[in-house]
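1. From the sequence below, what's the structure:
(chains A and B)
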Amino acid sequence: MIYKWKRLGENSLFLMPSIILTITLGIYPLVWMLRYMFYDYAGYGEALFIGLDNFSRLIRDALFWESVRNTFVFAGGKLLLTLPLSLLLAVILNGRLRGSNLLRGIYFMPTVISTAVISVVFYNIFNSYNGMVNTVLMKLHLVSQPVDWLGPKHAMLTVIIVAVWGAVGNYMLLFLAGLQSIPQDLYESASIDGANAGRRFWNITLPMLAPVAQMVIMLAIIASLKGYESIMVITEGGPIGKTEVMYLYLYKLLFPVSTGSPVTQQLGYGSAVGFASAVIVGAVTGLYFFFSRKMNKVY
Amino acid sequence: MNEHVISKQPAGLKQGVPRQSGHAGRIAVRTVMWLFLLITALLTLFPLLMTLTGSLKTGAEMMTGGSLFPARLQFANYAEAWKQANFARYTWNSAFMSLMVTAGTLLVASMAAYVVDRRNFPGKRIYVTVQASMMFISVGAIVLRPQFDLMVALHLNTTLWGVILILVSAHSSTFFMLQGFFKAIPRELDEAAMVDGSGFIRTFFRIILPLLTPGLGVAGLFAFRHAWNEYILPLVFTMTNPKLQTLTVGLANLRYGSSAAMQIHLMMAGACLSILPMLLAYILANKTFIQVTAGSVKG
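-> Have a look, this model is predicted:
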């Protein structure tokens, strides 16, 4: 009996730090948010219970819906460029190619670099007056005038390019891992049966990769809907809200930002926006899971 | 595009398979493929190259944005960034924060993973489920505010300890990674140690943990990278405490400095200073990075 208690004591001692941290900094903040979304609370002074008022405000909040729209444009653009590009690189590098390891190392490099720091660099090289991107494009005679990469017209494209730069290597590696788990004898027997490379790709590679691809695409969707760090550094959501995404809008509601911003700090309403944002990400993920469920079955 | 990839099977297998494209066609495909790979690699390296060359230019050269390479290498930029733009302090803050987060995460996660792997206790399944969901819920901006307010209440907001605790609290992925490593250490070892009279805590710290060194190294590398690159959390915590800024925050804030336009060369030198340690670690441990990341989708 004493032995049993001693074991229990040892177990709790070892688990305690983890449990305390998870409850106080993981679970409690979620409960906090779920509570304050029913309150009018600016962050100071008294919190006033207002029921569902925050949500009716949310429905009429044009800035929020604009940010939702931008989030989908951003995530859609990022995924449409990142996923095919990373799959293509993975398929090529999966073959026995000279220098394949070096190339993998190069493509994966952006993943180890701080998003914020590299965004500062991108902010400077996309600068319209003296940025290197314009200099190079003009020297190659691809454009005759400097492009205003950070202006209202192209800012979204710019932040998408930066996001793609940072993500391709990561998904390439995940696809590569999936490709390497496909048994080689499948290709060998298909070759003997006379299937050409294109057929082998469509009939072996793609279906065998499907379960891995389903997971990878889901991770990519979630990450791109929630990503705002690089946008925050490059454009701060501007110009004129053209790159304001959902989570950046949420951040601005929860913390004071520069005085020029049309968004002012509002913790109660911010909690409601946070909840709505999480529901939107969850709904998109759920829908994706429903429509991709066939990918999970190989044969 | 994929043709030659899959045709790169063991040579013997190709025999008897009718080839569709001739010799000239294959060379053309190979050329296109290599062009694609090289252009992608160049685009990946471009911002890094710009950071490096920019860090060695004069301020005037950066302003006009004329040539790709500096006329004369300005190594003095680094000394100036280190002293004048306060990078010595930022680097110290980043190093302190990242080392503490790494040590804390490894300690908390390894203790919990050991107990979960070796023992049974009431609530074990609940604990593992909660940790698993913490990994997927990672709610980003939504929980920032309550976490911050909690740290203010505990008076931990005027040091970097608040940030450190929050980052350590997100230890679930390290927990699962280390649990995998514990499985590889035979249980007989701890049992033998206990029979010899070594207590539970002593067995863990003196016998099991040293055996886990390779696993701790890998997990530590990832925890360190995460902390070193973190931007939003230190940003929030140092808004009223510029002395505590980390490299990521200090560098991004340089953009708002009154004379920021004149200091692009210093920003680039600072960016180099903050990217280099991570890049160096990556080049040294390239294999580990790539294998662990690739393995993460299989499970």
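2. Now the least confident helix or strand in chain A by mean pLDDT: buried residues?
-> Taking mean pLDDT, DSSP states H and E as the measure, the helix or strand of chain A with the lowest value is helix A:197-200, at a mean of 82. Neighbour-count burial for helix A:197-200 flags A:197, A:200 (criterion: 16 or more other CB atoms under 10 Å in any protein chain shown). To be clear about C-beta, it is placed using only N, CA and C from the backbone, and glycine gets the same treatment.
3. which helices and strands sit right next to that helix?
-> helix A:184-192, helix B:3-6 (3 or more CB pairs under 8 Å, 6 or more residues apart in numbering or on different chains; DSSP states H and E).
4. helix or strand right after that helix?
-> helix A:206-226 (DSSP states H and E).
5. in that following helix, what counts as buried?
-> A:208-217, A:219-226.
6. got the contact list for residue B:61?
-> B:67, B:70-71, B:265 (CB atoms under 8 Å, 6 or more residues apart in numbering or on different chains).
7. Pull out the buried residues from those residues.
-> Buried subset of the contacts of residue B:61 (neighbour count, 16+ other CB under 10 Å): B:70, B:265.
8. burial measure for the residue of chain A found nearest chain B, as a count.
-> With CB to the nearest CB, the shortest gap between chain A and chain B falls at residue A:130, namely 2.9 Å. Residue A:130 has 18 neighbours, counted by other CB atoms under 10 Å in any protein chain shown.
9. quick one: secondary structure of it?
-> coil (DSSP: H, G, I helix; E, B strand; the rest coil).
10. host element of the residue nearest the centre of chain B?
-> For chain B, the residue nearest the mean C-alpha position is residue B:225 (2.5 Å; CA atoms, centre = their mean). Taking DSSP H and E as the criterion, the element that holds residue B:225 is helix B:213-229.
11. Then residue B:194?
-> Assigned by DSSP H and E, residue B:194 falls within helix B:187-195.
12. one step back: roughly how far does the residue of chain A closest to chain B sit from residue B:68?
-> 12 Å (CB to CB, to the nearest Å).
13. Run a quick neighbour tally on residue A:156.
-> Around residue A:156 there are 18 residues (other CB under 10 Å).
14. swap in the one 4 residues further on?
-> The local packing of residue A:160 (other CB under 10 Å) involves 23 other residues.
15. That one - nearest residue in space that isn't next to it in sequence?
-> residue A:77 (4.3 Å; CB to CB, 6 or more residues apart in numbering or on different chains).
16. repeat for residue A:246
-> residue A:71 (4.4 Å).
17. same question, residue B:241
-> residue B:158 (6.3 Å).
18. Next, the one you found: secondary structure please.
-> Applying three-state DSSP: residue B:158 is coil.
19. Kindly give the local confidence score, pLDDT, for residue A:180.
-> With respect to pLDDT, residue A:180 scores 87.
20. Tell me which residues of the helix or strand harbouring residue A:74 come out buried.
-> If you go by DSSP H and E, residue A:74 is part of helix A:62-94. Judged by neighbour count (16+ other CB under 10 Å), helix A:62-94 contains these buried residues: A:63-64, A:66-68, A:70-75, A:77-79, A:81-83, A:85-94.
21. before we move on, what about stretch B:105-117?
-> Those would be B:105-116, for stretch B:105-117 by 16+ other CB under 10 Å.
22. so can I have a markdown table of those residues showing pLDDT?
-> Shown next, in a markdown table, are the buried residues of stretch B:105-117 (pLDDT from 0 to 100):
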| residue | pLDDT |
| --- | --- |
| B:105 | 97 |
| B:106 | 97 |
| B:107 | 96 |
| B:108 | 97 |
| B:109 | 96 |
| B:110 | 96 |
| B:111 | 95 |
| B:112 | 96 |
| B:113 | 95 |
| B:114 | 94 |
| B:115 | 94 |
| B:116 | 94 |
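23. Just the ones in helices from those, please.
-> Those of these mapping onto helices are B:105-116, per DSSP state H.
24. how about low-confidence regions in the stretch 151-299 of chain B?
-> B:257-262, B:294-299 (pLDDT under 70).
25. same question, the stretch 101-250 of chain A
-> Low-confidence segments of the stretch 101-250 of chain A, defined by pLDDT under 70, are absent.
26. Now with 80, please.
-> By pLDDT under 80, the weakly predicted segments of the stretch 101-250 of chain A are A:128-130, A:197, A:238.
27. can you map out the helices along chain A?
-> When secondary structure is read from DSSP H, chain A shows helices at A:2-22, A:28-36, A:53-60, A:62-94, A:100-108, A:115-125, A:132-139, A:155-180, A:184-192, A:197-200, A:206-226, A:229-234, A:246-254, A:267-291.
28. swap in the stretch 1-150 of chain B?
-> B:3-6, B:11-14, B:23-54, B:59-64, B:76-83, B:87-118, B:124-137, B:144-153 (DSSP state H, counting those that start in this stretch).
29. excluding its backbone neighbours, what's nearest residue A:208?
-> Nearest residue to residue A:208 in three dimensions, chain neighbours excluded: residue A:182, at 4.5 Å (CB to CB, 6+ apart).
30. That neighbour reaches residue A:207, doesn't it?
-> No: look at residue A:182 against residue A:207 with CB atoms under 8 Å: they stay out of range, at 9.7 Å.
31. OK, contacts around residue A:12?
-> Per CB under 8 Å, 6+ apart, neighbours of residue A:12: none.
32. And residue A:280, by the same measure?
-> A:68, A:225, A:246.
33. Show me which of the residues you listed is closest to residue A:153.
-> residue A:68 (21.1 Å; CB to CB).
34. need the helices of chain A in TSV with distance to residue B:184, can you?
-> Formatted as TSV, those follow (distance: least, CB to CB, whole Å):
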stretch	distance to residue B:184
helix A:2-22	19
helix A:28-36	34
helix A:53-60	50
helix A:62-94	28
helix A:100-108	26
helix A:115-125	33
helix A:132-139	48
helix A:155-180	20
helix A:184-192	27
helix A:197-200	36
helix A:206-226	24
helix A:229-234	35
helix A:246-254	39
helix A:267-291	33
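35. Out of those, which is closest to residue B:281?
-> Of these, nearest to residue B:281 by CB to CB is helix A:100-108, at 13.1 Å.
36. on contacts alone, who are the packing partners of the closest one?
-> helix A:62-94, helix A:155-180, helix B:23-54, helix B:286-295.
37. How about residue B:134, nearest residue that isn't a chain neighbour?
-> Of all residues not flanking residue B:134 in the chain, residue B:172 sits nearest, at 4.5 Å (CB to CB, 6+ apart).
38. does the one you found really touch residue B:127, like I thought?
-> No: counting by CB under 8 Å, residue B:172 stays clear of residue B:127, with 10.6 Å between them.
39. which one of those two has more residues nearby?
-> A count of neighbours by other CB under 10 Å puts residue B:172 above the other of residue B:172 and residue B:127, at 23 against 19.
40. can you pull the contacts of that one?
-> By CB under 8 Å, 6+ apart, the contact set of residue B:172 is A:22, B:131-132, B:134-135.
41. And for residue A:98?
-> So residue A:98 contacts nothing (CB under 8 Å, 6+ apart).
42. just residue B:72 next, same as before
-> Per CB under 8 Å, 6+ apart, neighbours of residue B:72: residue B:58.
43. Run a quick check on residue A:220 versus residue A:84, I expect a contact.
-> No: in this structure, residue A:220 is not within contact of residue A:84 by CB under 8 Å, at 11.7 Å.
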